[in-house]
Structures are given as C-alpha cells and as structure tokens.
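J.: fold the following and give me the result.
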Amino acid sequence: MKLNKEWHKANPMPKKPTEEQRLAWHIEHAKNCACHKMPAKLAEKLKKGSTMPLLLLPHIEQ
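T.: Numbers count the residues shown, from 1 in each chain. Prediction:
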C-alpha cells in the first residue's frame with residue numbers, strides 16, 4: 001500500500017481523539033492515502049450510524 005507522506009504530515013490524528021474525530025480522520029485518510037484500511041470496528045460504527053460513501057468500501061478492513 002502506498003503512503004501519502006505529505007497528507008500524513010499535514011493531517012496528524014489528534015491526541016486522544018473523540019469518536020467523531022477518529023471517524024472524520026479515517027474518512028479523509030481513505031480519500032487521500034492508501035497506506036492502510038479503516039479499522040473494522042470503526043467502520044462498523046460508521047455503517048450503523050450513517051450512510052457510508054461507496055468509495056470508502058475498499059478502504060475498510062474485513
């Protein structure tokens with residue numbers, strides 16, 4: 001998987017993020033970097049709580 005160093009440098013995960021911050025970060029990460037997929041537990045919470053854009057489906061751990 002390819003790492004987008006510039007995106008990661010400009011968008012660090014906040015220290016002690018809230019669940020909303022984690023979700024927002026991982027959604028943006030999926031759009032901008034392919035170094036890893038969204039954690040499955042977090043993706044499941046996203047699926048239950050809102051509609052997930054189809055473009056994110058390949059970026060979720062199974």
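J.: just give the closest residue to the residue nearest the centre of the chain, not the sequence neighbours.
T.: With distances taken as CA atoms, centre = their mean, the chain has residue 26 as the residue nearest its mean C-alpha position (1.7 Å). On the basis of CB to CB, 6 or more residues apart in numbering, the spatially nearest residue to residue 26 that is not a chain neighbour turns out to be residue 38, at 4.6 Å. From N, CA and C alone the C-beta is placed, and that goes for glycine too.
J.: quick one: pLDDT of that neighbour?
T.: For residue 38, the model assigns a pLDDT of 85.
J.: count of neighbours near it?
T.: By the other CB atoms under 10 Å criterion, the neighbourhood of residue 38 contains 22 residues.
J.: do residue 46 as well
T.: Burial of residue 46 is recorded as 19 neighbouring residues (other CB under 10 Å).
J.: tell me if it really is in a helix.
T.: Yes - applying DSSP: H, G, I helix; E, B strand; the rest coil, one finds residue 46 inside a helix.
J.: was I right about it contacting residue 23?
T.: Yes - applying CB atoms under 8 Å as the test, residue 46 and residue 23 come out as touching, 5.7 Å apart.
J.: now the residue nearest to the centre of the chain: which helix or strand?
T.: Secondary structure assigned from DSSP states H and E places residue 26 in helix 19-32.
J.: show me what counts as buried in that helix.
T.: Burial within helix 19-32, assessed by neighbour count using 16 or more other CB atoms under 10 Å, is assigned to 22-23, 25-27, 29-30.
J.: show me the two of the residues you listed that sit farthest apart.
T.: Spanning the widest gap among these are 22 and 30, at 12.5 Å by CB to CB.
J.: quick one: which of the buried residues of helix 19-32 is nearest residue 7?
T.: Distances from those to residue 7 were compared by CB to CB; the smallest belongs to residue 29, at 7.7 Å.
J.: right, I'll leave it there.
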